[in-house]
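Enquirer: here you go, sequence then predicted model.
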Amino acid sequence: MLDVALVSLIQDMSEKAGVDGVIQYWSRVGESLAKRMGKEAYLGWPSFNVALREGRTAFSIEGEVTALTDLAITDVDGDVVGYIYALKMCVFVPTILRVRYSVGEVPKADQLVSDEYNNSVRDSAVCNFCVIHQKFREEVAKSITVADQPLECLQLADRGFTGETKISEDFLRKIGINPEYVRSLLRNYACVYAILMKGAKLKGEEVEE
Amino acid sequence: MKSRTTREPLLEDNPFVDVAAYLFLEDIADKQGSAGMNTYLMSLATSLARSMPLEEYQTWEDFLDAIRSNESIITTFEDVITLTENCIITTECPFSKGWSEYTRRIGKFSKIHTEVAEYYNSTVKPGAVDTGCVIHQTFRTAAAERIKVGGKSVKYAQIAAILSDGRKKLAPEEWTPILLEKAGVTQTQLNMIIRNNACVWILYQ
């Protein structure tokens, strides 16, 4: 109920604070949630992936996340420095449906906020809520270490409620994954992202240099 | 009309959204205090009710049927039992899942949620245990105003709210006999109801 009430306020918020104001609000919510989840440390990638599967990491709050262990990210030395992860269902689909069945439709400001985010921050949002959880993942990665290495999260691709997709080709090039492969993942998943060791020297970056 | 059961798997709350929404409210409270947050919550709930369609029913029985099948706006977010023609019982608080996700993933629920409820009780109407109650009770008041039965408006009053942890808020003693008479239940029956339900309220004309 609280989520539907907040959605009904998006239009009002965007009219009063502007769409960039809503982006700032949502970014702060994502950041605050990540910081309140606390720090985590794992011995290595297997223990992190098991924790994820068992719903013990902060990333698990978003729902059913699968570690695509066939898609390991390696550095220039061939060492595994991360993996690709996929979220089965967008966290906001239940909210969007509840809004649909109780109020009628999602406010038009939803599209305006995501368009502004795509223009001014990063071209990766399919709805205004992407602002919250993309920021959340970025921040939560900073609170987790694997083998004493801090992590970073890269948003790779997402599919919206109406089927619109966003694919971040720059990040895919950086980690050396074919965009068409990620596009096929979106048939079965709503959101695809990479978690990797911060500062790792990647093959894709070497090619760019 | 599509049945509720087919929607249920998709309508299950997502913990991320629930917890993020609570933190969003706490962010507002940090800046505006209990009074500001109370005003914000009431405006949030009123705005939500006003964004929903108006309703009209020929008879009270038609209205009760819509309530029981969650087709009326006033019970969109909750599962209820209609104990009598006027007494409605919410079996599970719609905020309880968010509350339990918050306590599981973040820690102890921030005390600002109780402080805001106390502010609401002293300045608006006594009946809230935490911020969820402020939203819910304000929503019901505004939603009732959008419903007409036999051409007449519907009114709402709160009798008891009970949280997942057992904390409860009952209507003031001096109001209880009147509310129970309208509800058509005795004090003993009320005590039995609040043992294992989340909210007791009435709708009348």
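Expert: Okay, I see it.
Enquirer: hey, which strand is longest across chain B?
Expert: strand B:155-162 (DSSP state E).
Enquirer: least trustworthy helix or strand in chain B by mean pLDDT?
Expert: helix B:4-11 (a mean of 51; mean pLDDT, DSSP states H and E).
Enquirer: thinking again about what came up before, tell me which residues of the helix or strand just after the longest strand of chain B come out buried.
Expert: Per DSSP states H and E, the first helix or strand lying C-terminal to strand B:155-162 is strand B:168-170. Residues of strand B:168-170 classed as buried: B:Lys169, B:Leu170 (neighbour count, 16 or more other C-beta atoms under 10 Å in any protein chain shown). Glycine gets a C-beta too; all of them are placed from N, C-alpha and C.
Enquirer: need the contact partners of strand B:168-170.
Expert: B:117, B:121, B:126-129, B:133, B:159-162, B:176, B:194 (C-beta atoms under 8 Å, 6 or more residues apart in numbering or on different chains).
Enquirer: strands of chain B, residue ranges please.
Expert: B:55-57, B:80-82, B:87-90, B:147-149, B:152-153, B:155-162, B:168-170, B:199-204.
Enquirer: make JSON lines out of these and add mean pLDDT.
Expert: JSON lines is the format used below for the strands of chain B (pLDDT from 0 to 100):
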{"stretch": "strand B:55-57", "mean pLDDT": "97"}
{"stretch": "strand B:80-82", "mean pLDDT": "93"}
{"stretch": "strand B:87-90", "mean pLDDT": "96"}
{"stretch": "strand B:147-149", "mean pLDDT": "97"}
{"stretch": "strand B:152-153", "mean pLDDT": "94"}
{"stretch": "strand B:155-162", "mean pLDDT": "96"}
{"stretch": "strand B:168-170", "mean pLDDT": "94"}
{"stretch": "strand B:199-204", "mean pLDDT": "96"}
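Enquirer: which one of those strands lies nearest to A:Asp158?
Expert: Between A:Asp158 and these, the shortest gap by C-beta to C-beta is with strand B:87-90, which sits at 35.7 Å.
Enquirer: starting at the chain centroid, how far to the closest one?
Expert: 10 Å (C-alpha atoms, centre = their mean, to the nearest Å).
Enquirer: packing partners for that strand?
Expert: strand B:80-82, strand B:199-204 (3 or more C-beta pairs under 8 Å, 6 or more residues apart in numbering or on different chains; DSSP states H and E).
Enquirer: so which of those strands is the most surrounded?
Expert: Of all the helices and strands packed on strand B:87-90, strand B:199-204 has the most neighbours on average by mean count of other C-beta atoms under 10 Å in any protein chain shown, namely a mean of 24.
Enquirer: closest to the centroid, which residue in chain B?
Expert: Residue closest to the mean C-alpha point of chain B, counted by C-alpha atoms, centre = their mean, is B:His136 at 3.3 Å.
Enquirer: repeat for chain A
Expert: Closest-to-mean residue, chain A, C-alpha atoms, centre = their mean: A:Gln134 / 3.9 Å.
Enquirer: residue numbers of chain A in contact with chain B?
Expert: Contact residues, chain A versus chain B (C-beta under 8 Å from any C-beta of the partner chain): A:1-6, A:8-9, A:12, A:25, A:28-30, A:32-33, A:36-37, A:58, A:61-63, A:91-95, A:97-98, A:101-104, A:129, A:132-133, A:136.
Enquirer: just the ones of the residues you listed in strands?
Expert: Judged by DSSP E, strands contain none of the residues of chain A next to chain B.
Enquirer: which among those count as buried?
Expert: A:1-6, A:8-9, A:25, A:29-30, A:32-33, A:36-37, A:58, A:61-63, A:91-95, A:98, A:101-103, A:129, A:132-133, A:136.
Enquirer: ok, now which ones touch the residue of chain B found nearest chain A?
Expert: Chain B approaches chain A most closely through B:Phe77 (3.9 Å), counting by C-beta to the nearest C-beta. Each residue near B:Phe77 by C-beta under 8 Å, 6+ apart is listed here: A:Met1, A:Val4, A:Arg98, A:Ser102, B:Pro94, B:His136, B:Phe139.
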